[in-house]
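Colleague: please find the sequence and the predicted model below.
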Amino acid sequence: NSRGTSSLLKDSISFTEVSASGLFEGHDLLRRGFTSVKNELLPSHPLELTEKNFQLNQDKTNFATLRNIQGIHAPLKLQMEFRAVKQVQRLPFLHSSNMAMDILRGNDECIGFEDILNDPSQSEIMGEPHMMMEHKLGLL
């Protein structure tokens, strides 16, 4: 009787026992996506997160101080100016120094680490303009 055999198999072996589990479990790409070691790393030092979010924390402190001194209109106006400045950009193949953002934050007269040893991907080497515009517009 084929019906009796299949019912015996269903009763004796569950699907979860057959599937891989525990230490030797395989990674399911369809459900979890690609694994990235970078996402699983913890900060190596307690100050690393503070340094990474320094500008955000500085802006929050400045907005809170400005609100206490001048009222709610001052930080709102400054935030609107930040948004307007972020929207204005050069073409993708030209490096933007974001001078207007530096002026709003008061960093225009300061020389910092990023001014001298900046990210190599933002160097002044110009790429191929047509290729970069097509990539930005999603045509490539």
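Modeller: On my side now, so go ahead.

Colleague: roughly how far apart are Cys34 and Val85?
Modeller: In this structure residue 34 is Phe, not Cys. 35 Å (CB to CB, to the nearest Å). All C-beta atoms are positioned from the backbone trio N, CA, C, and that covers glycine.

Colleague: same drill for the two, tell me which one is more crowded.
Modeller: Set side by side, Phe34 and Val85 show more neighbours around Val85, with 17 against 7, by other CB atoms under 10 Å.

Colleague: quick check: which element contains the residue lying closest to the more buried one once chain neighbours are set aside?
Modeller: The spatial neighbour of Val85 that comes closest, neighbours along the chain excluded (CB to CB, 6 or more residues apart in numbering), is Ala100 at 4.5 Å. Assigning secondary structure by DSSP states H and E places Ala100 in helix 99-105.

Colleague: so what touches that helix?
Modeller: Contact with helix 99-105 is made by 59, 78, 81-82, 85-86, 88, 108, as judged by CB atoms under 8 Å, 6 or more residues apart in numbering.

Colleague: weed out the non-buried ones from the residues you listed.
Modeller: When the contacts of helix 99-105 are checked for burial by 16 or more other CB atoms under 10 Å, the buried set is 78, 85.

Colleague: most widely separated two among the contacts of helix 99-105?
Modeller: The span of the contacts of helix 99-105, defined through CB to CB, is set by Asp59 and Val88 at 18.9 Å.

Colleague: for this structure, what spans make up the helices?
Modeller: Along the chain, counting by DSSP state H, helices occupy 2-12, 15-18, 29-32, 37-40, 47-52, 54-70, 73-87, 99-105, 113-116, 129-137.

Colleague: closest one to Phe93 among those?
Modeller: helix 129-137 (4.3 Å).
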